[in-house]
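[1] pasting the sequence and the predicted coordinates here, then a few questions.
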Amino acid sequence: MPPVERPPRGPLRVLIADDEEVIRRLVATVLGKAGCEAREAEDGKTALEIIRQNSVDVALVDIDIPALDGMAVLREARKAGAEMPIILTSSSANRDAALAAMKDGAFAYVSKPFAQSELVLIVQRAVRGRGLSHAREEPAPGAQEELSLWEGLGWSERMRRVLAEVQRVAPTDFTVVVIGETGSGKELVAKAIHQLSPRGSGPFVPVDCGSIPAALFENELFGHERGAFTGADRAQPGKFEAASGGTLLLDEVANLPTAVQPKLLRALQEKQVWRVGATRAVTVDIRVVAATNQDLARLVEMKRFRRDLYHRLNEFTILVPALQEQHEDIVFLAQRFLEQANKELSKKVSGISVAAWEVLLAHTWPGNVRELQNVIRRAALLADTCVEPEHLKGLRPFWPQAEDGEHHVTPGGPVFAAGNPGGGTPSSPRRTRSEEGEPPGSRFDGSVPFKEMVRRTVKRAEEEILIQVLRATGGNKAKAARILQIDYKTIYNKVKQYGISL
């Protein structure tokens, strides 16, 4: 477990405010081992009094604490001029609560239960934010890899499950399939599996299966002997041999050419590879992690992926959630990426305004963690003191061009395909379901709660977009999934949920 950075004047003082004694004692023990000095409070009034006394450096306050809830403690502390980082904790996190916490000046908003490494990481970041950094000891073996995953993907409940699965499978030699949308951090998960495994000191070799021409695939994976083909003036090992003793990542494995799949299966089963032009096999000792943003089981049904290779790869599956499904991670990652950008650009952007937080938390993040990192990096370049909405210009749902260039989607407008297969024209598009009639509760009349109106509006918009894109692709769900940058399983479930039939 990594130690918390200590200020020069002595141990870091942390307030733990929670009405459950067992949680207070557990957190105090964990932070005590990391070199902190803990103070406890069982209700909000006691917590606020300790904060007003300025006798702690960081406060962990449960949002449902009695006498004075966590949000009230936060607001009163800020009114009293308390500047220490206040971290709100809750057993059930959601976007509205996270946004409210950030508006009122919380350093972070996290859901319980949290792992020991996560708890220490939160306090570390709060300490760095206050400028209390001090020389730190080296983390315990394996702890740095855990922190890398937390810092790269977040600390929401879903991400904690991902880390738990990584920790469970890493010590084994299971072949793992990591499934997630583009930019969601699949390679980071694969690296964590490698680093936490007995092979961690060996090589980690990624192969982008989507960028290698089919004709060169065998040579890329297995290598070649001298004279195997014109221009082969020397022997060249492939990625399998380069990864021997370590881990081979087959990124976007769904793009493997069908002609290569049986050779890959044989290499995995026999732990031997045949270089192009070779007369003898080369023994390799590798672990394989495969990453994909597509539904491999569906590809098997479509005869685009070998069933036996699918079962050979799929010994263990880890699903990386999309960023829009974990709003508390948006808060954590945005702050972290801002810290990184400040270092990279030699800037001192102090934070993100409330108005900018509203923009960030309302965005759907189709590009996931990678998109968020790029957005914050660009905003840090544009901002002088604080990130404001004007530094996030252009942040809106992203509608990519289809891979074959045949069709496109315009935000807020209809979809048109080359050749007009949908039967409409740019001047007279076919009507979608949401245009055929306005459902009850779509306008505010006092009879429907605001949250329900929002839910219905989102549902209608989602359904309309799906109908538009599916019309443009002639009902091809796989092509529609690529346009929307979601996996096939998601679009299949949505079509079923909304009863869409074209």
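    Happy to help now that I have it. Residues are numbered from 1 along each chain as shown.
[2] tell me, what residue is most central in this protein?
    By C-alpha atoms, centre = their mean, the chain has its centre lying nearest to S184, at 4.2 Å.
[3] name the nearest residue to that one, ignoring sequence neighbours.
    N368 (4.3 Å; C-beta to C-beta, 6 or more residues apart in numbering). The way it works is simple: take the backbone N, C-alpha and C, and place the C-beta from them, glycine included.
[4] is it true that the residue nearest to the centre of the chain touches L319?
    No. The criterion here is C-beta atoms under 8 Å, and S184 misses it with L319 at 9.7 Å.
[5] quick check: mean pLDDT of the longest helix seen in the chain?
    In the chain, with assignment by DSSP state H, the single longest helix is helix 450-472. If you average the pLDDT over helix 450-472, you get 79.
[6] dump the residue contacts of the residue nearest to the centre of the chain.
    Contact analysis of S184 by C-beta atoms under 8 Å, 6 or more residues apart in numbering lists V320, P321, A322, L323, N368, V369.
[7] got a pLDDT number for the first one?
    What that stands for is V320. Listed pLDDT for V320 reads 91.
[8] adjust the sequence numbering to begin at 480 for everything that follows.
    Happy to do that; since the first residue is 480 now, the last one works out to V799.
[9] from what I see, it and G662 are in contact.
    No. Proximity of V799 to G662 does not meet the contact threshold set by C-beta under 8 Å, at 10.1 Å.
[10] thinking again about what came up before, just checking, next helix/strand downstream of the longest helix of the chain?
    helix 956-963 (DSSP states H and E).
[11] tilt between that next one and helix 929-951?
    Taking axes from the mean of the first three to the mean of the last three C-alpha atoms, to 10 degrees, one finds helix 956-963 and helix 929-951 inclined to each other by 120 degrees.
[12] alpha carbons of helix 956-963, as PDB, please.
    This file holds the C-alpha atoms of helix 956-963, laid out as PDB (Å, rounded to 0.1, in the frame of the first residue of the first chain):
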ATOM      1  CA  LYS A 956     -26.800  -2.900 -37.300                       C
ATOM      2  CA  ALA A 957     -23.000  -3.500 -37.500                       C
ATOM      3  CA  LYS A 958     -22.500  -0.500 -39.800                       C
ATOM      4  CA  ALA A 959     -24.800   1.600 -37.600                       C
ATOM      5  CA  ALA A 960     -22.800   0.600 -34.500                       C
ATOM      6  CA  ARG A 961     -19.500   1.700 -36.200                       C
ATOM      7  CA  ILE A 962     -21.100   5.100 -37.200                       C
ATOM      8  CA  LEU A 963     -22.300   5.700 -33.600                       C
END
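[13] mind giving me the packing neighbours of it?
    helix 929-951, helix 967-977 (3 or more C-beta pairs under 8 Å, 6 or more residues apart in numbering; DSSP states H and E).
[14] nearest to V655, out of the ones you listed?
    Closest approach to V655 among these is made by helix 967-977 (18.1 Å; C-beta to C-beta).
[15] list the contacts of A605.
    By C-beta under 8 Å, 6+ apart, A605 lies in contact with V537, P564, I566, F586, A587.
[16] what about M781, how many residues close to it?
    Look at M781: counted by other C-beta atoms under 10 Å, it has 11 neighbours.
[17] just V501 next, same as before
    8.
[18] again, but for L547
    18.
[19] tell me the confidence at it?
    Per-residue confidence (pLDDT) for L547: 90.
[20] including distance to V657 and mean neighbour count, could the helices and strands packed on helix 956-963 go into CSV?
    Conversion of the helices and strands packed on helix 956-963 to CSV gives the following (distance: least, C-beta to C-beta, whole Å; neighbours: other C-beta atoms under 10 Å):
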stretch, distance to V657, mean neighbour count
helix 929-951, 26, 16
helix 967-977, 15, 16
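[21] tell me which of these lies nearest to R783.
    helix 967-977 (11.1 Å).
[22] and the closest one with helix 956-963, angle?
    Interaxial angle of helix 967-977 relative to helix 956-963 (the same axes, to 10 degrees): 100 degrees.
[23] average pLDDT across helix 967-977?
    The model assigns helix 967-977 a mean pLDDT of 78.
[24] how far does it sit from the chain's center?
    Offset of helix 967-977 from its chain centre (C-alpha atoms, centre = their mean, to the nearest Å): 21 Å.
[25] which strands and helices sit next to that helix?
    Helix 967-977 packs on helix 775-780, helix 929-951, helix 956-963, going by 3+ C-beta pairs under 8 Å, 6+ apart.
[26] right, so of the ones you listed, which gets closest to Q819?
    Nearest of these (C-beta to C-beta): helix 956-963, 29.0 Å.
[27] quick one: distance of the closest one to the chain centre.
    Worked out by C-alpha atoms, centre = their mean, helix 956-963 lies 21 Å from the chain centre.
[28] what's the answer for stretch 712-721, then?
    Remark: stretch 712-721 is offset 34 Å from the chain centroid, using C-alpha atoms, centre = their mean.
[29] pull out the buried positions in that stretch.
    Q715, G717, K718, F719, E720, A721 (16 or more other C-beta atoms under 10 Å).
[30] among these, which two are most distant?
    Q715 and F719 (12.2 Å).
[31] need the overlap of contacts for the two.
    Joint contacts of Q715 and F719 (C-beta under 8 Å, 6+ apart) are G702.
[32] re the thing from before, and the furthest pair within the contacts of A605?
    For the contacts of A605, with distances taken as C-beta to C-beta, the pair at the greatest spread is V537 and A587 (10.4 Å).
[33] more neighbours: these two, which one.
    V537 (26 against 22).
[34] quick one, phi/psi of that one?
    Main-chain torsions, V537, degrees, to the nearest 10: phi -140, psi 140.
[35] T758 now?
    T758 adopts backbone torsions of phi -110, psi 0, taken as degrees, to the nearest 10.
[36] can you report how many residues neighbour it?
    7.
[37] how does this protein divide into domains?
    The record's domain split for the chain, according to automatic domain parsing, is 480-618, 636-798, 802-877, 886-977.
[38] between these, which gets the lowest average pLDDT?
    Mean pLDDT per stretch puts domain 886-977 lowest among the domains of the chain, at a mean of 60.
[39] E500 and A507 touch, don't they?
    No. Taking contacts as C-beta under 8 Å, E500 lies outside contact range of A507: 10.3 Å.
[40] one step back: so how far is the longest helix of the chain off the chain centroid?
    24 Å.
[41] just checking, what packs against that helix?
    Helix 929-951 packs on strand 886-888, strand 894-896, helix 956-963, helix 967-977, going by 3+ C-beta pairs under 8 Å, 6+ apart.
[42] doesn't L728 fall inside a strand?
    Yes. L728: assigned to a strand according to DSSP: H, G, I helix; E, B strand; the rest coil.
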